[in-house]
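[1] Fold the stuff below for me.
(one chain, ligands or ions: 3)
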Amino acid sequence: MINNNHFEKSNFRILIEKDNIGRMEERLNIIDTFLDIEEHVTLDDMMQLLKKAGYDYQPDFVRQCLNRFVEHGFAQKKAFEGQSPRYEHHHLGKHHDHLICTKCGNILEFDNDDMERLQLKIASNLGFHMLQHKMEIYGLCSGCMAERHPLMPLVMAKSGENVVIKDITGGRTVRNRLASMGLRSGDSLEIINNNGQGRLIVGHGSTRLAMGRGVAQKIMVSLDRQNTQSA
Ligand SMILES: [Zn+2]
Ligand SMILES: [Zn+2]
Ligand SMILES: [Zn+2]
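    Ligands and ions are numbered 1, 2, ... in the order given. Okay, the predicted model is just below:
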């Protein structure tokens, strides 16, 4: 790995020497620090890594350097939903895709030849010449799933999840309110939007319902195995 990093670094030096943009040593220190890790780092992560390595640069300069790494093919910039932009290595000739945990932000990588071939085939069947793609799967990582109880208040369910109502724990007011919405035990719900604050939007049959967090706290649900692809 060290040798490889060394090669990448000198490759970068050759490319940017031609650009004549100055601050060469500082740029090389930043790429060195970046090449040393194999994570998907945000600008903040990079600032911390640089600080640890004894470098003190302005965030704007670091961002500009990272974007230059992207431009020159040493880094890739990823915009995962709900997260700050992240940078990772651009390994030539290697492609991978991502699973992103919407709870803890954990990022897993995978590559699957069958899936890659299938995507090319789908595109070409439509007469489409594919240039690039990104496959991002959002969900909960195994750690976050392990912390979850099989029975949880609806307010804890994540956007995109399918759940079944198991119990309604509130008093008569809540029960009446839910009954007026047509919700009862055993019903399936699709969480359309639950962003951690404000009302939830859920799909119930062919209707979309808006529900306060207080009410959603009183509805106990479990995962709907029939409508959950990963089950
Ligand atoms: Zn892919
Ligand atoms: Zn997680
Ligand atoms: Zn990656």
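
[2] only C-alpha atoms for contact and neighbour calcs from this point on.
    Will do.

[3] Identify the residues contacting N67.
    Listed by C-alpha atoms under 8 Å, 6 or more residues apart in numbering, the contact set of N67 reads K77.

[4] buried sites along the host helix or strand of it?
    Element membership of N67, judged by DSSP states H and E, is helix 59-71. Residues of helix 59-71 classed as buried: V62, R63, C65, L66, N67, R68, F69, V70 (neighbour count, 16 or more other C-alpha atoms under 10 Å).

[5] same question, stretch 78-89
    By neighbour count on 16+ other C-alpha under 10 Å, the buried set for stretch 78-89 is K78, F80, R86, Y87, E88, H89.

[6] How about residues contacting it?
    The contact list for stretch 78-89 (C-alpha under 8 Å, 6+ apart) reads 35, 38-43, 66, 74-77, 100, 102, 105, 136.

[7] Which of those residues ranks first by neighbour count?
    In terms of neighbours by other C-alpha atoms under 10 Å, those top out with L66 at 25 neighbours.

[8] one step back: and the helix holding N67, how far from the chain's centre?
    Put simply, helix 59-71 sits 21 Å off its chain's centre (C-alpha atoms, centre = their mean, to the nearest Å).

[9] helix or strand right after it?
    Next helix or strand after helix 59-71 toward the C-terminus (DSSP H and E): strand 75-78.

[10] May I have the secondary structure class of the nearest residue to L223 once chain neighbours are set aside?
    Excluding the flanking residues, the one nearest L223 by C-alpha to C-alpha, 6 or more residues apart in numbering is V163, at 4.4 Å. Under DSSP: H, G, I helix; E, B strand; the rest coil, the three-state class of V163 is strand.

[11] Tell me the bridge partners for the residue positioned nearest the centre of the chain.
    For the chain, I100 is the residue whose C-alpha lies nearest the centre (C-alpha atoms, centre = their mean; 3.6 Å). When assigned by DSSP bridges, I100 has beta-bridge partners I107, Y138.

[12] Tell me who's in contact with it.
    With C-alpha under 8 Å, 6+ apart, I100 has these contacts: F80, N106, I107, L108, E136, I137, Y138, G139, L140, C141.

[13] Of all pairs in those, which one spans the longest distance?
    Within the contacts of I100, F80 and C141 form the most distant pair, 15.2 Å apart (C-alpha to C-alpha).

[14] What separation do you get for the residue lying farthest from the centre of the chain and ligand 2?
    What lies farthest from the middle of the chain is R172; by C-alpha atoms, centre = their mean that is 39.9 Å. Using C-alpha to the ion, to the nearest Å, R172 is found at 36 Å from ligand 2.

[15] Then M220?
    M220 is 22 Å from ligand 2, by C-alpha to the ion.

[16] circling back: wait, what's in contact with the residue nearest to L223?
    Residues in contact with V163, defined by C-alpha under 8 Å, 6+ apart, are A157, S188, L189, E190, I191, V221, S222, L223, D224.

[17] ok, what's across the strand from it?
    Judged by DSSP bridges, the bridge partners of V163 are L189, L223.

[18] Mind putting the contacts of I100 into JSON lines with pLDDT?
    As requested, the contacts of I100 are exported to JSON lines (pLDDT from 0 to 100):
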{"residue": "F80", "pLDDT": "95"}
{"residue": "N106", "pLDDT": "95"}
{"residue": "I107", "pLDDT": "97"}
{"residue": "L108", "pLDDT": "97"}
{"residue": "E136", "pLDDT": "96"}
{"residue": "I137", "pLDDT": "96"}
{"residue": "Y138", "pLDDT": "94"}
{"residue": "G139", "pLDDT": "92"}
{"residue": "L140", "pLDDT": "93"}
{"residue": "C141", "pLDDT": "96"}
